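In: return a 3D structure for these sequence lines:
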Amino acid sequence: MIHQELLPFPALSVAENLLMGREPVRWIGGWIDGVERDRRARELLERLGLTMDPRGRMGDLTVAEKQSVEIAKALGREADLLIMDEPTSALSERESELLFGMMLDLKARGAAVLYVSHRMQEIFRLADRITVMRDGRHVATRPAGELDEERLIGLMVGRALSGFAGKARGAAGEVALEVRALGRAPRFGDVSFKVRRGEILGLAGLMGAGRSDVAEAIFGLAPPTSGEILVGGRRVRIGGPADALAAGVAMVTEDRREYGFVPEMSVKENITLSSLRRFCSGGFIRGGEEAAAADEQMRRFDVRAAGRDQAVKTLSGGNQQKVAIARALLAEPEILILDEPTRGIDVGAKAEIYGLIGELAAAGKAVLLVSSEMNELLALSDRIVVMREGAVTGEFGAGVRAEEIMRCAVPR
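Out: Residues are numbered from 1 along each chain as shown. Sure thing, here's the model as predicted:
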């Protein structure tokens, strides 16, 4: 298998990575034959048209070069079944062409290839049969000749969201957040959009498109290297989350267990963590005020717990997400970034979160909603900006169809 996420040994050589577990051994003494190992590694690299030194350190290679080594490693096993998960995500056009040639050669020799990709051009060029999965379930399997891009996108999109109707809101107000030509190479570049008060702006795109990277850059988790961020029409410099909070920007991150809360702390401590200075005097926390603020947020967001002192790690996923949102809003931001706010929570909790997002916009907050769920974006967003491979490729208003968004999101 060639994994989407690279799995190299960075401190070892290219040859050591290529032949890990298959090292040639001298008959006498059982030692690894380094000369023969390097020769075999060079031979594998040449099959893909790669000229790198097999004795070079793996950690010194570019992402594309590491990806190429992983591919050469898999091809060198002469497997009967080869699984490729987004293998061209970091490759140039020339490198991709060489890989396709190798795949067709493997197929001609009787090997089976399972090729996972969002790239339409690659799918239709390489596949004999196409299987579509959505939300962890099998949707359809068809001979490639029976499908075109339109039909395939239709299978990928699926049916409309049921059980939730977005609340009608008034006209959006003035611009609360604007990003101009924002960039952080190599993740994304030249990204520009505006979010108005009372508006939910959806940020759409496939995995790796750069949506979360843009959100993290605005909040200062990974500051941008180029471009401008304007809050309320004023340019602000955000070098970290403290700067963002001071500017009136809060965020609920994609990975709540990693960044959304401190598992060993209580519900109260997690809710007040970002706003703790409000409850401090002379280096001491005013416990009564902190507890009152936590109780108020728990009531406001209907956090179901035995009490404010319950460990947040013992709550359900939906209640943990409400704690993360409660903490973000206790800082009284004017702009709220929500990155995958309903990931990993049940249908009932989703409906509650949807209602809460709508209420925030109705109260005049500017909401930037990052989501992988097309139906979620269509149900909640007033406008949708689409990203592909680190760049903005489209912007749509109300009434947009899922197929139009997918056309902008799917790599060509």
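
In: any weak-confidence spans in the stretch 151-300 of the chain?
Out: 158-170, 256-258 (pLDDT under 70).

In: again, only using 90
Out: 151-172, 186, 206-209, 253-261, 263, 274, 277, 282-283, 300 (pLDDT under 90).

In: helices of that one, start to end?
Out: 211-219, 241-246, 267-272, 287-300 (DSSP state H, counting those that start in this stretch).

In: need these in CSV with mean neighbour count, can you?
Out: Glycine gets a C-beta too; all of them are placed from N, C-alpha and C. Converted to CSV, those look like this (neighbours: other CB atoms under 10 Å):
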stretch, mean neighbour count
helix 211-219, 25
helix 241-246, 17
helix 267-272, 25
helix 287-300, 16
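
In: between those helices, which one is closest to E149.
Out: helix 211-219 (22.5 Å; CB to CB).

In: sorry, back to before: figure out which of the helices of the stretch 151-300 of the chain is closest to N375.
Out: helix 211-219 (16.5 Å).

In: circling back: reformat the helices of the stretch 151-300 of the chain as CSV; add distance to M374.
Out: Formatted as CSV, the helices of the stretch 151-300 of the chain follow (distance: least, CB to CB, whole Å):
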stretch, distance to M374
helix 211-219, 13
helix 241-246, 28
helix 267-272, 31
helix 287-300, 30
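
In: select, out of these, the one closest to V385.
Out: Closest of the helices of the stretch 151-300 of the chain to V385 is helix 211-219, at 9.1 Å (criterion: CB to CB).

In: that closest one packs against which elements?
Out: strand 175-184, strand 188-196, strand 200-204, helix 241-246, strand 249-252, strand 335-339, strand 366-370 (3 or more CB pairs under 8 Å, 6 or more residues apart in numbering; DSSP states H and E).

In: just want the angle from that helix to strand 200-204.
Out: 130 degrees (axes from the mean of the first three to the mean of the last three CA atoms, to 10 degrees).

In: need the residues that contact helix 211-219.
Out: Here helix 211-219 makes contact (CB atoms under 8 Å, 6 or more residues apart in numbering) with 177, 179, 182, 184, 187-188, 191, 203-205, 222-224, 229, 238, 241, 244, 249-251, 253-254, 337, 339-340, 368, 370, 387, 390.

In: go on, stretch 78-92?
Out: 1-4, 63-64, 66-68, 71, 74-75, 95-96, 99, 103, 106, 110-119, 122, 208.

In: which of these fall in strands?
Out: Counting by DSSP state E, the contacts of stretch 78-92 place A112, V113, L114, Y115, V116 in strands.

In: re the thing from before, please pick the buried ones from the contacts of stretch 78-92.
Out: 2, 4, 66-68, 71, 74-75, 95, 99, 103, 106, 113, 115, 117-119, 122, 208 (16 or more other CB atoms under 10 Å).
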